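**Q** Quick one, what's the 3D model for this:
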Amino acid sequence: MTVTKRVTRYVKELTAPEPSKRRAAAEALAGADERALYPLIKALSDDNAGVQDAAMRSLISIGGEVTAYMVLPLLRSGPYLRNTARVILRAIGREAVPLLRQLLRDKDDDVRKFSVDLIGEIGWCDYHDDVVALLRQDPNPNVRASAARVLGLFGYGKALPELIQALTDDEWVCFSALEALAAIGDDTAAVALESILTSPSEAVRYGALEALGRLTSPLASNALMGHLATATGMEKRLTLKSLVQAGITPHMFEVSEMLLDMLRGGDWEEKLIAARGLVDLRDETALPHLADVAGSLDRSDPASEDRLCALTGTLAAFGCGEALTGLLTDPLVRYRGKVVVAEVLGILKCAPAVPDLAVLMNSAETEVRRAGATALAAIDCAEARQALMQALSDEDGHVRTTVVASLGRTGEKDAFNAILDLLASERHADVIRESVRALVSIDEAAFIDSLTIFDGPIREAAGRWLTDTEALLMLSRDEDPRVRASAVDGLGRTRLESVAGRLVEALGDPDPDVRRAAVGAMGEIGCCYEWILSAFDDSDTWVRVAAIKGTRAFSEPGLVPRLMDLSADPAVPVALAALETLAAISDRDGFSALTVFADHPDPDVRNRAEELLERT
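**A** Purely as a prediction, here's the structure:
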């Protein structure tokens, strides 16, 4: 079907009675030319939300100056179409900006405001003076406020006189001008901002203080220092915040107490500003409060990450001294605060903290002991390693896991026998895994010599971490199928073709996990292609899946037909694996082979095939 016929067909289907057909037609027109613009704009008023959304996305996809020109009239429509037009124009970007210029002189206040807002949202303009003219003479304060904000976004310094004049305008305009002056950051702005610190409007004074805090000018800092001496109440607090933000924390009476009050009771912006100021003052009395504020953060909340990073940086800035290390044993610091302090001391590699960290390992809180173990491992001195070895008998499996992993990273030779003794009676799966990993890291040969006294989970874990080929070959013949599977998988990590014979042999193992590990290892090494193909007929679904994935390393000419045949496999995971593998090797054989999956009885396979075919 030609492009013209296809566009004509989809445009006609935009008026179909079924919403699903109209939506599909709107989506299909995403790759059309300008003939689809008017029908798609009409479809924005469809009574079905899905059709509206599809039409909007297709208009964005078509893009260009003509699309922007045809969408502009929608700015005069009702709220939905007006907002939709703004979304489309914003997505079109720079090509739409020249068309917005004429609208800055429109008779409709809303149209002028929407136009200048769009210029700011797009982030590009080549007629800044037209925006300055709006700020200087537009009769509508909302338009003037938008113009001020956009000039600040562009950092347009030539507008400083108009922005300074706007400080005497309506409050709403004044606030936007304050924000713009702070963004431009000029000494002239600092002088103007200082002049309105005596404004009768409390809101304007607060806005000026915030703006001065964002300037790096010495004039701004001097203005804030002068105002701090006369301000009272919340205004004094805001002045101090702005000074700290500007990088200056005055050594004045009450400043430390004000900052502590902000740290304890302020919002998060104030807490972080206060923390910065307390570091500047080197006020060690703030350390317990900083630790507890940091400890109060919910680490499962992504929003906490930056806050925790800032507060740990603040604690670290005080350095590895007694004031910080003493928090570990301070009964007034809550346990979560001690966790943070231990982490900071580990970051600082603070050797003087080792005695207190060792005491911390006797805490009743599991989380505290884990943090202590991690810190001791990071410090990595003889005393720290000794404290870790004493913690190997901790009653909590999570703590033992952390301790063993830490000792493994240190490579402490004296820890080998202690970990080996622990392993003899250990039942916690994570501890077993980390213990084997640590023993292999410290002395692989010695651990291999001790393998004869262990069985089950320990030998299985050995297969995961050993690098010695002979040991892996030995374990690959273990009577426990879990051990065999783990060792066969480990043979793949060796990347040695000399183990190919054992892998072929393992392909006949009665346990499917072993066979699955064998084909995976063959693929990792890049050997035994015909044997991997033979596993396409394995009785176990997941062996067949592993075999399919294992063929991705090969470029044999007969591979594509074999993968196509798997579209008839009764197991859906097998068909999906074959489909994904065909897509992965498509640079060699094209996507045409994927069409055999388009009529698969399972909807997941059909949908995935359609997704992959759309890439062609």
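
**Q** Okay, the nearest residue to residue 311 once chain neighbours are set aside and residue 162: tell me how far apart.
**A** Counting by Cβ to Cβ, 6 or more residues apart in numbering, residue 311 lies nearest to residue 294, which is 3.9 Å off, once chain neighbours are set aside. (Glycine included, C-beta is placed from N, CA and C.) Residue 294 sits 45 Å away from residue 162, going by Cβ to Cβ, to the nearest Å.

**Q** Tell me which residues are up against stretch 323-333.
**A** Stretch 323-333 has contacts (Cβ atoms under 8 Å, 6 or more residues apart in numbering) with 284, 287-288, 291-292, 315, 318, 337-338, 341-342, 344-345, 350, 352-353, 356-357, 359-360.

**Q** Please repeat the previous calculation with a cut-off of 10 Å.
**A** If you take Cβ atoms under 10 Å, 6 or more residues apart in numbering as the criterion, stretch 323-333 is touched by 282, 284-292, 295, 315-316, 318, 337-338, 340-342, 344-345, 348, 350, 352-360, 363, 368, 371-372, 375.

**Q** Quick check: buried residues in that stretch?
**A** 324, 325, 326, 327, 328, 330, 333 (16 or more other Cβ atoms under 10 Å).

**Q** and if you look at stretch 234-250?
**A** Those would be 235-246, 248-250, for stretch 234-250 by 16+ other Cβ under 10 Å.

**Q** ok, now stretch 431-446?
**A** 431-442, 444.

**Q** Go ahead and report the secondary structure state at residue 333.
**A** coil (DSSP: H, G, I helix; E, B strand; the rest coil).

**Q** list the contacts for residue 15?
**A** Taking Cβ under 10 Å, 6+ apart as the contact definition, residue 15 lies against 21, 22, 25, 39, 42, 43, 46.

**Q** Can you show me the CA trace of the regular element (helix or strand) spanning the fourth one as CSV?
**A** Taking DSSP states H and E as the criterion, the element that holds residue 39 is helix 37-43. Once side chains and other backbone atoms are set aside, the C-alpha atoms of helix 37-43 remain, and they are given as CSV (Å, rounded to 0.1, in the frame of the first residue of the first chain):
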residue,chain,number,x,y,z
LEU,A,37,-2.4,17.5,10.6
TYR,A,38,-5.9,18.9,10.4
PRO,A,39,-7.7,15.5,11.0
LEU,A,40,-5.4,14.9,14.0
ILE,A,41,-6.2,18.4,15.4
LYS,A,42,-9.9,17.7,15.0
ALA,A,43,-9.3,14.3,16.8
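
**Q** Buried residues in the helix or strand following that helix, which are they?
**A** Next along the chain after helix 37-43, taking DSSP H and E as the criterion, comes helix 49-62. Within helix 49-62, the residues scored as buried using 16+ other Cβ under 10 Å are 51, 52, 53, 54, 55, 56, 57, 58, 59, 60, 62.

**Q** Just the ones of the buried residues of stretch 234-250 in helices?
**A** In this view, the buried residues of stretch 234-250 that belong to helices under DSSP state H are 235, 236, 237, 238, 239, 240, 241, 242, 243, 244, 245.

**Q** tally of neighbours for the closest residue to the first one other than its chain neighbours?
**A** If I follow you right, that is residue 235. Closest residue to residue 235 apart from its sequence neighbours, by Cβ to Cβ, 6+ apart: residue 205 at 6.6 Å. When neighbours are defined as other Cβ atoms under 10 Å, residue 205 has 19 of them.

**Q** who's in contact with residue 205?
**A** 196, 197, 198, 199, 227, 231, 235, 238, 239.

**Q** gap between it and residue 178?
**A** 11 Å.

**Q** Show me the helices in the stretch 151-300 of the chain, by range?
**A** 160-165, 171-184, 187-195, 202-214, 218-230, 233-245, 255-265, 268-281, 287-295 (DSSP state H, counting those that start in this stretch).

**Q** a markdown table please, covering those and showing mean pLDDT.
**A** What follows is the helices of the stretch 151-300 of the chain, written out as a markdown table (pLDDT from 0 to 100):
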| stretch | mean pLDDT |
| --- | --- |
| helix 160-165 | 95 |
| helix 171-184 | 94 |
| helix 187-195 | 87 |
| helix 202-214 | 92 |
| helix 218-230 | 89 |
| helix 233-245 | 90 |
| helix 255-265 | 92 |
| helix 268-281 | 92 |
| helix 287-295 | 95 |
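
**Q** Take the ones you listed and lay them out in TSV including distance to residue 482.
**A** Below are the helices of the stretch 151-300 of the chain laid out as TSV (distance: least, Cβ to Cβ, whole Å):
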stretch	distance to residue 482
helix 160-165	72
helix 171-184	63
helix 187-195	71
helix 202-214	62
helix 218-230	68
helix 233-245	59
helix 255-265	53
helix 268-281	49
helix 287-295	41
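
**Q** mind checking which of the ones you listed is nearest residue 96?
**A** helix 171-184 (23.0 Å; Cβ to Cβ).

**Q** just to revisit the earlier point, of the contacts of residue 205, which pair is most distant in space?
**A** 198 and 238 (15.3 Å).

**Q** which neighbours do residue 205 and residue 178 share?
**A** When contacts are counted by Cβ under 10 Å, 6+ apart, residue 205 and residue 178 are jointly contacted by residue 196.

**Q** Can you pick out the most distant pair from the buried residues of stretch 431-446?
**A** Every pair of the buried residues of stretch 431-446 checked by Cβ to Cβ; the farthest is 431 and 444, at 19.2 Å.

**Q** So which residue is dead centre in this structure?
**A** Centroid-nearest residue in the chain, with Cα atoms, centre = their mean: residue 302, separated by 8.6 Å.

**Q** Give the next helix or strand downstream of the top helix by length along the chain.
**A** Longest helix in the chain by number of residues (criterion: DSSP H): helix 429-450. Next along the chain after helix 429-450, taking DSSP H and E as the criterion, comes helix 457-465.
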